[in-house]
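[1] Okay, here's the prediction I keep looking at, along with the sequence it came from:
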Amino acid sequence: MKRFVNLFILLLITANVLSTQSVAAGNALKVTGGGTGTFGADLDGDGDVDGSQFGLGVIVQGDGSAKGHFECLMAGRSDILGLHLMSVAGQVANGSVSDDKSVTFSGVGSVNLGDGVIIRGVPFLVRVTEGGVGIGTLQLTVMGAFDGVPGDAVIGNGNYDLPVENVSNGQIEIH
């Protein structure tokens, strides 16, 4: 067990040094954050204002490649679509920075609908803006699935496009 803890600490230090060197060289951008968000509306008609808990750690390279992890969880205190649990989590592979300073990244992950239903290999796209409560934003699109279900902001394109979610606790940093 002690070896495992030491190896884990060594991996964390190595990842931090590598990401710091990339950012310092000016060819990468780090996007980190976590907290809760709100859509400010009842997307599924159950009487509750919907939102999620989110966590992300992404490094976007100047060539459009990216690495990191994203997770969006709608469970417990934030439900959506009448589901007890819904989560989207996966590895990030691509990213870009827009003129408005927002960062968009994408990858492939799993969608967990609870009750043992997990759909693997689902592409996702996320757009974030920097900031804390009431300033930072997150917008998730699940590609090729759930088109037209409650909460879908763009019906008919084959995707599940959630509306923009505002940070209600925590923050998103772009540096």
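    Good, I have the coordinates. Numbers count the residues shown, from 1 in each chain.
[2] Ser106 contacts Gly95, doesn't it?
    Yes - in this structure, Ser106 is within contact of Gly95 by CB atoms under 8 Å, at 7.4 Å. Every residue, glycine included, has its C-beta placed from N, CA and C.
[3] Looking at these two, which is more packed in?
    Gly95 (23 against 19; other CB atoms under 10 Å).
[4] Stretch 64-73 - what's its average pLDDT?
    Stretch 64-73 carries an average pLDDT of 96.
[5] So what touches that stretch?
    By CB atoms under 8 Å, 6 or more residues apart in numbering, the residues outside stretch 64-73 that reach it are 31, 52-60, 85-96, 105, 107, 109, 124, 126, 138, 140.
[6] Among these, name the ones in strands.
    Secondary structure defined by DSSP state E assigns 31, 52-60, 85-96, 105, 107, 109, 124, 126, 138, 140 of the contacts of stretch 64-73 to strands.
[7] So what pairs up with Asn169 in the strands?
    Beta-bridge partners for Asn169, by DSSP bridges, are Thr36.
[8] Double-check it against Gly34; I have them as touching.
    No - checked against CB under 8 Å, the pair Asn169 and Gly34 is beyond contact range at 9.3 Å.
[9] for this protein, what spans make up the helices?
    Assignment of helices within the chain using DSSP state H yields the ranges 2-24.
[10] any idea how far Thr32 is from the residue most central in space within the chain?
    For the chain, Phe70 is the residue whose C-alpha lies nearest the centre (CA atoms, centre = their mean; 4.2 Å). To Thr32, Phe70 is 11 Å away according to CB to CB, to the nearest Å.
[11] Overlap of the contact sets of the two?
    With CB under 8 Å, 6+ apart, Phe70 and Thr32 have common neighbours 56, 58.
[12] For the residue nearest to the centre of the chain, list each beta-bridge partner.
    Leu56, Gly90.
[13] pretty sure Val97 contacts Gln61?
    No - when contacts are counted by CB under 8 Å, Val97 is not listed as touching Gln61 (10.8 Å).
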